[in-house]
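Trainee: Provided below for reference: sequence and predicted model.
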Amino acid sequence: MTPHSTADQLTVDRWNQWMTVADDGSVHLIYYSTLGDASRTSANLYYTFSEDGAQTWTTPERLTSETSPNINDGFEWGDYNGLAVTMDHIIAAYTDNRNEGGGGGDSVDIYAVGQARDGGPGPVYTLAPTSPGQAGAENLWSTTNGTPNRASLILFSGLPGSASTTLGPCTVTTGLANPRPIAFALADASGSATARRFLPPQISGVTFRFQALDIGSCTVSNVTTTTF
């Protein structure tokens, strides 16, 4: 039994597969496919898994949110593909040619996507907006879906951009330029945490960007922006 249909092999290309076997013996596979593109020049990343030693497979599921176009510059898909399985979730890493600015396909980058093994989306580590967002007051940063009983570190920056940074055991790429820690909190058994810090009145009118780092999984959250 193949992990995908072979009836369309003359009209659909599938390549650069990456396979991982989980601790429970289940077999997990990602691959690129031109399914849906009659010209066979663009691709999406698909995921399927087997729990009976590759005798049968789940229906392949598209992981990518946008179709990746081909770029005719010598760089191709898949040089940095990878797949990890942790308990009931997978994390797939892959090269993608989408244009982050919304234009044509003229950029190459590394993307990652988390997925629950049952096909539903996995929980996303999320940072809520700063509350109350006032200078001269104690402010709170709340995170959800973090690693239970592990620290959430709140980072901030006054500048847009991104940066690779190492904090404790984690080396991550943040959505902040020159990120610096401002507060931290220990997550509870459900993975929720609330960090607190008094912010001086002198920052009134200043805009800061915030992002959380889950020390347990080395995952960064979304970026929030607050003008105090």
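Mentor: All right, it came through fine.
Trainee: quick one: low-confidence residue ranges for the protein.
Mentor: Scanning the chain for pLDDT under 70 picks out 1, 73-79, 99-106, 118-123.
Trainee: again, only using 80
Mentor: 1-2, 4-7, 36-38, 65-67, 70-80, 87-88, 97-109, 115-124, 160, 217 (pLDDT under 80).
Trainee: what's the burial count for Thr173?
Mentor: 11 (other C-beta atoms under 10 Å). All C-beta atoms are positioned from the backbone trio N, CA, C, and that covers glycine.
Trainee: show me what contacts it?
Mentor: Residues counted as contacts of Thr173 (C-beta atoms under 8 Å, 6 or more residues apart in numbering) are Ser162, Ala163, Ser164, Val220.
Trainee: most neighbours among those, which one is it?
Mentor: Most surrounded of the contacts of Thr173: other C-beta under 10 Å gives Val220, at 22 neighbours.
Trainee: in what helix or strand does that one lie?
Mentor: According to DSSP states H and E, Val220 maps onto strand 219-227.
Trainee: check which helices and strands that strand is in contact with.
Mentor: strand 126-127, strand 170-174, strand 207-214 (3 or more C-beta pairs under 8 Å, 6 or more residues apart in numbering; DSSP states H and E).
Trainee: make it 7 Å
Mentor: strand 126-127, strand 207-214 (3 or more C-beta pairs under 7 Å, 6 or more residues apart in numbering; DSSP states H and E).
Trainee: now, which of the contacts of Thr173 sits nearest Ala183?
Mentor: Val220 (15.4 Å; C-beta to C-beta).
Trainee: which positions in the strand holding Val220 come out as buried?
Mentor: Thr219, Val220, Ser221, Val223, Thr224, Thr226 (16 or more other C-beta atoms under 10 Å).
Trainee: lovely, talk soon.
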